[in-house]
Every structure is written in structure tokens, then in C-alpha cells.
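Trainee: model the following, please.
(one chain, ligands or ions: 2)
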Amino acid sequence: MPALTIPTFTLPGTGDQVPAVGFGSGSKHRLKKWGNPEMNDDSIDPGIVTVIADAINAGFNHLDGAETYTTRAEMGLAIKESGVARKHLWITDKYDQGWANFKRASTSPSGPRESILKGLKALGVEYYDLFLIHSPFFDENLVNVTLAEAWKQLEQCYEEGLVKNIGVSNFDVENLDKLMKVATHKPQVNQIEYHLYLQNQTDGISDYCRENNIQIEAYCPLTPALESRINDANHPLKPEFKKLCEKYNVEPSVISLRWIYQSGVIPITTSSNAERMKQAFQMFDFELTDEEFDTLTKIGKSYKVRAYFPELFEK
Ligand SMILES: NC(=O)C1=CN([C@@H]2O[C@H](COP(=O)(O)OP(=O)(O)OC[C@H]3O[C@@H](n4cnc5c(N)ncnc54)[C@H](OP(=O)(O)O)[C@@H]3O)[C@@H](O)[C@H]2O)C=CC1
Ligand SMILES: O=C1Nc2ccccc2C1=O
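Mentor: Ligands and ions are numbered 1, 2, ... in the order given. Predicted coordinates for the structure are as follows:
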């Protein structure tokens, strides 16, 4: 294990310690496999294995996967190659309930249990640290269980010890409220798009999660630092980023990650570049003053960028 100490957040329901930054195997890695008609769940893209192994070697001990990424086999091989013991890794995965917006049916139509058993086998591990329902958008044409039935299966897997924590992703207040009413075991995590330019994926979701002891995980955390996602060279955070980058001697990406971490949220980032992977850990080397944090929050709220799923959330 590399000599790097990554801070953790404690999940309120189980007391488990989640490493405060995760490495994603979706987004660009998912696109690479979906984009190649010769690739499927069982075929291995060696480039993706290398990326995930590089991330583990760089010091990431929290891996974020999902059934729909079709990168489970690559993650399993990378873990094996790294030689890092299972107990030193935090592994998250997500249930593929099917995606009407991508015209893709669920890969495990009978529910999360099927997905978990297949996933553990593909990864070559005995348990998941965290398993999420990827989205609340269940469509009976794409999957054979309802959201409530899926949650019950997930609870059963939790009780059997196949998954140590359970949660959701892309849930709004209404769907979480509904779930809380049928849940015996409450969701520990909601993984949503979260960054300075999208402090609420949906109305009131961040406060709702905080008030209900649901840990937020942030995908697309680098958005405010990526010109490619903003399309505006003069976006309002630029001057503040410049000032803070000079003061702390870091890149805007690190300021973006630090703000997320300092707001009590776990960023899930990714890169295929070994140097940029290591750069992410600089977020733990400094602290924004309260004034700097508040200024960033205020400027961030004045501008909106949604990188993911506008077709689902901007209706
Ligand atoms: N639950 C959900 O529905 C979703 C979950 N996710 C999860 O979150 C993960 C991360 O999402 P993603 O949006 O990709 O995350 P980020 O916001 O971290 O963006 C990653 C992109 O930023 C680039 N990058 C990384 N570091 C730098 C840097 N220092 N400077 C400039 N560019 C940089 C990377 O390119 P390069 O490789 O060139 O460094 C990569 O393309 C996914 O892999 C997935 O696991 C994502 C979307 C939805
Ligand atoms: O990273 C992701 N890319 C995706 C594409 C389609 C559905 C979900 C996701 C992700 O979570």
C-alpha cells in the first residue's frame, strides 16, 4: 500500500469509514467500452485495466464502479495486479436498472441481487463496501422490479453481508422520501452531480441529505475547472480560482475538489493520466479559510453548469 494517508468520512448508520475521495471507472472509461461494438461486459480493455491499476498505485483506495459501465472485469484485474489487500480497499458498485435515455435495458432485470452476485464474481471479491441503486428512473419496459422491490433485495443482500452499506444515486427529495418510508435500512449515501456550479442536483437535495444523515458523494467534481464543460472562458469563478491557486500553489481542479471535501462531500473523480491522478491528493494539503470557502460558494451559486443527464433533470 502506498504511504499516503487519505482522510475518511464516517457513515452514520454503520460507522464504516469511507475514504474521502474515490476514483471512478465510469464516464470516459464507460464511453470507451460502450463505443466499441466488439466490447461487452466480459471482454477486457487492457487500457482501462492500466488506468485503474495506475490509480491504485497512485494511492486511490476507493474505487467507484457500476454495472452499467461494463468495467467490472477491468477493475477486478487491476485490483489483482495491484496486490493491495481487499481490506485496504473501498469498493462501490451500482445497480443497472436500465436507461430509457440511452435505450438500454437493465443488465440484471431481476434486480440488485442478480447484479451483486455477478459483480462480486467479475471482481473476484467476497463483498462490496457500498452498493447503490444507480438511478430512481425505473421503467417496466427495461427492468422487472420496482424501485421498492429493488431496495428490499438490496436490504436482503446487506443483511447477508454481501454488501456492507447500501445507498442510492441521482435521487431527488421526492424519491428519497418515498424510499425512506419503505426502508428498514436507510440509504447511507446519495451519489449525485455536485460541484461549485451545481450545488443541488435537484431542488433542496443537498440540505435534505445532510438533515437525514445521508452522505453525499459528488460526481463530475472537476466541472468548474474544466473549460471543456463550461464553454465560457470568462466564467465567474475564474478570478477567485486564480487568486487561490497562487496562494496555495495548486491547479483550479484541486480548488474544486477541496471545496467539495470541505463541504463534507466525497468527490468521485477520474483521470487516465498518472500525474493528474496524484494531483487530486493535494486537496488534503491545505484548508480554505471560512471566508474563501463562503466566497467560492456564493460565486458558484450565481452560475449553473449541469454536465450529466440534462434530459432527466431539466424537464
Ligand atoms: N452516479 C452517476 O450517475 C455518475 C457517476 N459518475 C462517477 O464519477 C466518476 C467521475 O466522473 P467525471 O465527470 O468523469 O469526473 P471529473 O469531474 O473528475 O472529470 C474527469 C475528467 O477530467 C479530466 N481531468 C482530470 N484531472 C484533470 C486536471 N487536473 N486538469 C484537467 N482535466 C482533468 C479527466 O481527463 P484526463 O483523463 O485527461 O485527466 C477526465 O476526463 C465516473 O468515472 C463515475 O465513476 C459519473 C457520472 C455519473
Ligand atoms: O459515469 C457514468 N456514465 C454513465 C452513462 C450512462 C448512465 C450512467 C452513467 C454514469 O454513471
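Trainee: which residues does the residue of the chain at minimum distance from ligand 1 contact?
Mentor: Among the residues of the chain, G24 lies nearest to ligand 1; the distance is 2.2 Å by Cβ to the nearest ligand atom. Every residue, glycine included, has its C-beta placed from N, CA and C. The neighbourhood of G24, defined by Cβ atoms under 8 Å, 6 or more residues apart in numbering, consists of D64, Y219, I268, T269, T270.
Trainee: nearest to K247, of the residues you listed?
Mentor: Distances from the contacts of G24 to K247 were compared by Cβ to Cβ; the smallest belongs to T269, at 22.1 Å.
Trainee: contacts only, for the closest one.
Mentor: Taking Cβ under 8 Å, 6+ apart, we find T269 in contact with V21, G22, F23, G24, P221, L222, L257, A280.
Trainee: isn't the second one up against P267?
Mentor: Yes: the pair G22 and P267 passes the contact test of Cβ atoms under 8 Å, sitting 7.3 Å apart.
Trainee: neighbour count for those two, which is higher?
Mentor: Legend: neighbour count by other Cβ atoms under 10 Å for G22 and P267, higher for G22 (29 against 24).
Trainee: verify the stated contact: V143 with T107.
Mentor: No: at 9.7 Å, V143 does not count as touching T107 under the criterion of Cβ under 8 Å.
Trainee: these two: who's more crowded?
Mentor: V143 (23 against 17).
Trainee: count of neighbours near the residue lying closest to that one once chain neighbours are set aside?
Mentor: Excluding its sequence neighbours, the residue lying closest to V143 (Cβ to Cβ, 6 or more residues apart in numbering) is S106, at 4.0 Å. Burial measure for S106: 24 neighbouring residues, criterion other Cβ under 10 Å.
Trainee: same deal with K32?
Mentor: Burial of K32 is recorded as 18 neighbouring residues (other Cβ under 10 Å).
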